[in-house]
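Engineer: The sequence and its predicted three-dimensional model are supplied below.
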Amino acid sequence: MKHIYAISLLVLWATLLSAQNPRKNLEQQKKRVEADIAYTNSLIAKTKSEQKVSLDNLNLIQANLVSRREYIGQMDKLLANLSAEIVSQQQKIATLYDELARLKENYAKMLNFAYRNRLPYTQLMYVLGSEDFSQAYRRIVYLKAYSSHRINHAKSLARQSDTLKSSLSALQVKKAEQQLLFNQKTIEALALDAEEKEYQLTIQTLKTREKELLRDLEAKKKQAQQLNKQVQNAIAEETRREEVRRREIEKKNKEMAAKALADERTLTLKFEDQRGKLPVPVAQSVVVTHFGDYNHPVLKGIKVTSNGIDLSTTEGAVVSVVADGVVRRIFTTGSVTSMLIQHGQYYTVYTHLNGITARVGDIVSAGQPIGLVTSAPNSNRAILHFELWKQAAKHNPEEWLSKRK
């Protein structure tokens, strides 16, 4: 029986925790998106100070629209959660009112009985009227127990009243919180509407500079193709070198060759285990270009391809390695410097670097700084381009990076 009671308590405790955790998680996600919006707004303010509408400006506004829609979505979930809590609290209060009414009724009956039998003479006659000593003893015990029960009932009535007051106060707090959140959502909805209008206005402004945008797009496409070729060649060359090194080691010592292969597999598995948990290479940044093919936001009928993601940040922001690995290449594409780091069969690419603090052949650890972000060509914005490969196959970095909390 004790085991059943213990299990029941554990189930109840787990139920209470499950009811609290979603609310806590939603609050954490809301705070994260709030921070993203605030940081993106600071970047947008800087682009506006340049007194010239740019594609960077448009990308930042678009990123902010995504964040603000997510923010409003989080508030909707929080409001639904609060509404459920309020309904539950109201049901609890109704139950408490019923219980309190029952206790009061019982207590009134006790008082009435006590009043009618209030004189010690009446109680004495009740005891003396017993048929024998045993019955007299039982009646004395009953009178004492009844008196004790009446006192306990009064205490229970007081506790129930206190619980009811506390529950009513908690309900008022939740309702106030609900109203505040609803007001915040209304403000955010207005801000979203204003940003959507600003986004459309920026598109219209940029459309008047289509030739300039086409030139910039062509330059970026050539740079991306060169970078892609350099990365592919570097990975292919590194794969060949690894194979040659392994064969040479195997001729001398098969155990050492097996160990080298096992080390590479360990790094690969360690990297794969961190899918969705890798740290963002620039702690404070906003994704303004996503992986894959997408329509150009201004130029109709033009597709754009990105082999990685672009992280908009501030000039001189620190770039850190996302996982343990080895620096394999540092190369330049035009005026842009990139670094290729190997993690077993996986590779990460960091582009738009200066102030590099690592050299080719260095063993680097997750979170270790390797350089600073510099401005992209034809732009005053500091943007880190980040790619993730598994040998010759490109992967979407956003599926591997963790979301900031």
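Structural biologist: In hand now; what should we look at?
Engineer: Only C-alpha atoms from now on, for both contacts and neighbour counts.
Structural biologist: Fine.
Engineer: hey, where'd the helices end up in this protein?
Structural biologist: 2-48, 55-116, 120-128, 133-207, 210-252, 254-273 (DSSP state H).
Engineer: least reliable of those going by mean pLDDT?
Structural biologist: Per-stretch mean pLDDT for the helices of the chain is lowest at helix 120-128 (a mean of 47).
Engineer: ok, Val327 - how many residues close by?
Structural biologist: 21 (other Cα atoms under 10 Å).
Engineer: That one against Arg359, yeah?
Structural biologist: Yes: using Cα atoms under 8 Å, Val327 is in contact with Arg359, at 6.7 Å.
Engineer: Return the distance of Pro393 relative to Gln345.
Structural biologist: Quick fix: residue 393 is Ala, not Pro. To Gln345, Ala393 is 11 Å away according to Cα to Cα, to the nearest Å.
Engineer: Between these two, which is the more surrounded one?
Structural biologist: Gln345 (19 against 9).
Engineer: Can you report phi and psi for that one?
Structural biologist: phi -90, psi 0 (degrees, to the nearest 10).
Engineer: That one against Lys390, yeah?
Structural biologist: Yes: between Gln345 and Lys390 there is a contact under Cα under 8 Å: 5.8 Å.
Engineer: and stretch 166-181, which residues are buried?
Structural biologist: Ser167, Leu168, Leu171, Lys174, Lys175, Gln178, Leu181 (16 or more other Cα atoms under 10 Å).
Engineer: Give me the contacts around stretch 269-286.
Structural biologist: Applying Cα atoms under 8 Å, 6 or more residues apart in numbering, the contact partners of stretch 269-286 are 36, 39-40, 60, 63, 311-314, 317-323, 343-344, 346, 367, 384, 398-403.
Engineer: go with 6 Å
Structural biologist: Identification of contacts with stretch 269-286 by Cα atoms under 6 Å, 6 or more residues apart in numbering yields Leu311, Ser312, Thr313, Val319, Ser320, Val322, Glu399, Trp400, Leu401, Ser402.
Engineer: With stretch 308-322 instead?
Structural biologist: 278-279, 281-282, 285-291, 366-374, 382-387.
Engineer: Quick one, which of those residues are buried?
Structural biologist: For the contacts of stretch 308-322, a burial check counting by 16+ other Cα under 10 Å picks out 278-279, 281-282, 285-291, 367-374, 382-387.
Engineer: Inside strands: which ones of those?
Structural biologist: 286-289, 369-373, 382-387 (DSSP state E).
Engineer: Val336 contacts Thr351, correct?
Structural biologist: No: between Val336 and Thr351 there is no contact under Cα atoms under 6 Å: 7.0 Å.
Engineer: Between these two, which is the more surrounded one?
Structural biologist: Thr351 (25 against 17).
Engineer: what's the spacing between the more buried one and Glu198?
Structural biologist: Taking Cα to Cα, one finds Thr351 at 30 Å from Glu198.
Engineer: just Ala191 next, same as before
Structural biologist: The value you get for Ala191 to Glu198, if Cα to Cα is used, is 10 Å.
Engineer: tell me the phi and psi of Ala283?
Structural biologist: phi -50, psi -50.
Engineer: Give the burial count for it, as a bare number.
Structural biologist: Ala283 has 14 nearby residues by other Cα under 10 Å.
Engineer: Kindly report the same for Glu264.
Structural biologist: Quick note: Glu264 (other Cα under 10 Å) scores 16 neighbours.
Engineer: Show the contacting residues for it.
Structural biologist: By Cα under 6 Å, 6+ apart, the residues touching Glu264 are Gly344.
Engineer: Now with 10 Å, please.
Structural biologist: Lys270, Gln342, His343, Gly344, Gln345, Tyr346 (Cα atoms under 10 Å, 6 or more residues apart in numbering).
Engineer: quick one: the first one from Gly325, how far?
Structural biologist: Right, Lys270. Counting by Cα to Cα - Lys270 and Gly325 are separated by 11 Å.
Engineer: And the fourth one, by the same measure?
Structural biologist: Gly344 sits 7 Å away from Gly325 when distances are taken as Cα to Cα.
Engineer: any shared contact partners between those two?
Structural biologist: Leu267, Thr268, Phe271.
Engineer: Return the member of these nearest to Leu217.
Structural biologist: Phe271 (33.7 Å; Cα to Cα).
Engineer: How many neighbouring residues does the closest one have?
Structural biologist: 22.
Engineer: Kindly report the same for Gln230.
Structural biologist: By other Cα under 10 Å, the residues close to Gln230 number 18.
Engineer: is it true that it touches Thr332?
Structural biologist: Yes: using Cα atoms under 10 Å, Gln230 is in contact with Thr332, at 9.3 Å.
Engineer: what do these two both touch?
Structural biologist: Ser338.
Engineer: how far out from the middle of the chain is stretch 293-311?
Structural biologist: Taking Cα atoms, centre = their mean, to the nearest Å, the mean C-alpha location of stretch 293-311 is offset from the chain mean by 27 Å.
Engineer: Can you mark which positions in that stretch are buried?
Structural biologist: Neighbour-count burial for stretch 293-311 [16+ other Cα under 10 Å]: Pro297, Val298, Leu299, Ser306, Asn307, Gly308, Ile309, Asp310, Leu311.
Engineer: okay, how far is it across that stretch, tip to tip?
Structural biologist: First-to-last residue span, stretch 293-311, Cα to Cα: 17 Å.
Engineer: Next one, pLDDT for Val318 please.
Structural biologist: pLDDT at Val318 comes out at 96.
Engineer: Relative to Ile370, how far out is it?
Structural biologist: Val318 is 8 Å from Ile370, by Cα to Cα.
Engineer: before we move on, what about Ile72?
Structural biologist: Counting by Cα to Cα - Ile72 and Ile370 are separated by 37 Å.
Engineer: Right, I'll call it a day here.
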